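**Q** Output the structure for:
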Amino acid sequence: MARRLCDLRFLLLLAAAAFIYIQVRLFATQSEYADRLAAAEKSENQCTNQLKSLIEQISTQQERIVSSEELRQRQDEERAQLKILIQDLEKKIRLIQNNKGEVPVAAVVVMACNRPDYLEKTIESILKYQTSVASKFPLFISQDGGNADVRNKAMSYSDVTHMQHIDLEPVQTERPGELIAYYKIARHYKWALDKLFFEQNFSRVIILEDDMEIAPDFFEYFEATAALLDTDKTIMAVSSWNDNGQKQFVYDSQALYRSDFFPGLGWMLMKSTWEELSPKWPKAYWDDWVRLKEVHKDRQFIHPEVCRTYNFGEHGSSMGQFFQQYLEPIKLNDVHVDWKSADLSYLTEEKFKKKFAKEVWEAKALRGSDAVLKAHNLDMDVRIQYSDQRDFERIARQFGIFEEWKDGIPRTAYKGVVVFRYNKTRRRIFLVAPDSLTQLGI
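**A** Here you go, the predicted structure:
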């Protein structure tokens, strides 16, 4: 019995020793695993830190690359601007050398935007006749926006000064559906004219657009009328354009007229007039704004019977409006006129009014619903009275002239009278308002 008890105790002792051994091994294994886990975490942390450091290095390098690229772009832009400034300076130096102290008659500016092919055609037309009088009429291209083709084309002309208007201000139209282009055009005109009159200090500026050709006597015409613009304060501007200058309605290349309607499309303005207009320049539709009576204040505009500019711009901001009917058939003068010896004193206010009144009064008065038909059958000057705008439009439509009015004035009208030639002949048709004879002092 005692022996069995002894064997049992021995077995218990072995079991306890085995248990203790297992616990010791388990503890050792856990400790080893914990050490390995700690080492793994440490290694992971080291890897994470190294990865973060690598990412930071890559980001820093990328920022350096971006900064380097931006710096390179800025340097390229600065070099391009510097090149432009140097070229403009060289042009101005040549201009000063060529002028030899001569005061220019007027700066000539071509307003351009995004039509390099049109611009080239316009500049080539101008240079044919401007080169010999460059000192009297220095030529500028004013570009609105950043069109690279237009800029490169403008910079390719060695004797033309390039100006660039960059306008990043958003355009807010006043009415839904309006074209933003008309607002940007108005901004561009103000910027360019401010620059030429106030910075360049020209006394007169001739404004052209990038879709015009000029007549051979364009510059002689404006030089001859410059003195008239200076001395007669009842004249607001001189234009090279006649709205009713289509081939069938003109005859005399030397005839000039006064008009209460602003023609635009190649016109000369004085600095004193621009000083008046610039502070109140409109946000859009600048040409119709100039046609308002409150703006021109009863001042008038000189225009030729036969145009000295031709507008070939079928595609543009106005999307070819009226082009085929009214612009394409325009007659561009090709007859030599000796403007240097021409006496233009008849264009002063009182002289022209008296002369024009006599011509209107001597024309045969036609009345009745068949007045237009009678006009076709008479070989003499005739006058036809219209009763109101609607009646004028009816008569104008039958002859094929412009029907449009602005602020109560028909295109080309003087004292309400619109005059044009009949079928390329000397004969004149006078369309007369109800109060025209009274305005003319008849």
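**Q** what number of residues lie near Gln325?
**A** For Gln325, the count of nearby residues is 11 (other C-beta atoms under 10 Å). Just so you know, the C-beta spots here come from the backbone N, C-alpha and C atoms, and that holds for glycine as well.
**Q** and what of Glu220?
**A** 19.
**Q** With Thr425 instead?
**A** 10.
**Q** Backbone torsions only: list them for the spatially closest residue to Tyr251 that is not a sequence neighbour.
**A** Excluding its sequence neighbours, the residue lying closest to Tyr251 (C-beta to C-beta, 6 or more residues apart in numbering) is Arg421, at 4.4 Å. For Arg421, the backbone dihedrals are phi -80, psi 150 (criterion: degrees, to the nearest 10).
**Q** mind showing which ranges of the stretch 101-250 of the chain have poor pLDDT?
**A** Applying pLDDT under 70 to the stretch 101-250 of the chain flags the ranges 101.
**Q** And Tyr189, how close does it get to Asp144?
**A** Separation of Tyr189 from Asp144 (C-beta to C-beta, to the nearest Å): 9 Å.
**Q** who does the residue nearest to Tyr251 bridge with?
**A** Arg428 (DSSP bridges).
**Q** what does Ile330 give?
**A** Gln246.
**Q** where does it land on pLDDT?
**A** Note on Ile330: pLDDT of 97.
**Q** go on, the one 10 residues further on?
**A** Lys340 carries a pLDDT value of 95.
**Q** you'd agree the residue nearest to Tyr251 is up against Gln246?
**A** No. Using C-beta atoms under 8 Å, Arg421 makes no contact with Gln246, being 9.9 Å away.
**Q** what about Lys424, how many residues close to it?
**A** 13.
**Q** Thought Val109 was touching Ser142, still the case?
**A** Yes. Using C-beta under 8 Å, Ser142 makes contact with Val109 at a distance of 5.3 Å.
**Q** which residues are in contact with both of the two?
**A** The contact sets of Ser142 and Val109 overlap at 163, 192 (C-beta atoms under 8 Å, 6 or more residues apart in numbering).
**Q** which strands and helices sit next to the host helix or strand of Leu127?
**A** Using DSSP states H and E, Leu127 sits in helix 116-130. Contact partners of helix 116-130 among helices and strands, from 3 or more C-beta pairs under 8 Å, 6 or more residues apart in numbering; DSSP states H and E: strand 107-112, strand 139-144, helix 148-155, strand 204-209, strand 212-214, helix 218-231.
**Q** and among these, the most buried is which?
**A** A comparison of those by mean neighbour count, using mean count of other C-beta atoms under 10 Å, puts strand 107-112 on top with a mean of 26.
**Q** neighbouring strands for that one, and are they parallel or not?
**A** Paired strands of strand 107-112, with direction, are strand 139-144 (parallel), strand 204-209 (parallel) (DSSP bridges).
**Q** residue contacts, the residue nearest to Tyr251?
**A** Residues near Arg421 by C-beta under 8 Å, 6+ apart: 248-252, 305, 427-429.
**Q** Using a markdown table, please lay out those together with neighbour count and distance to Glu359.
**A** Output for the contacts of Arg421, formatted as a markdown table (neighbours: other C-beta atoms under 10 Å; distance: C-beta to C-beta, whole Å):
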| residue | neighbour count | distance to Glu359 |
| --- | --- | --- |
| Gln248 | 17 | 20 |
| Phe249 | 27 | 16 |
| Val250 | 21 | 16 |
| Tyr251 | 18 | 14 |
| Asp252 | 14 | 12 |
| Glu305 | 23 | 13 |
| Arg427 | 17 | 12 |
| Arg428 | 21 | 7 |
| Ile429 | 23 | 12 |
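**Q** Could I get the phi/psi values of the residue nearest to the spatial centre of the chain?
**A** Central residue of the chain (C-alpha atoms, centre = their mean): Ile185, 4.1 Å from the mean position. Backbone geometry at Ile185, expressed as degrees, to the nearest 10, gives phi -60, psi -40.
**Q** right, and it touches Ser142 too?
**A** No. Applying C-beta under 8 Å, one finds Ile185 not in contact with Ser142, separated by 11.3 Å.
**Q** ok, so what distance separates Met380 from Glu305?
**A** If you go by C-beta to C-beta, the gap between Met380 and Glu305 works out to 18 Å.
**Q** Before I go, just wanted to say thanks for your time.
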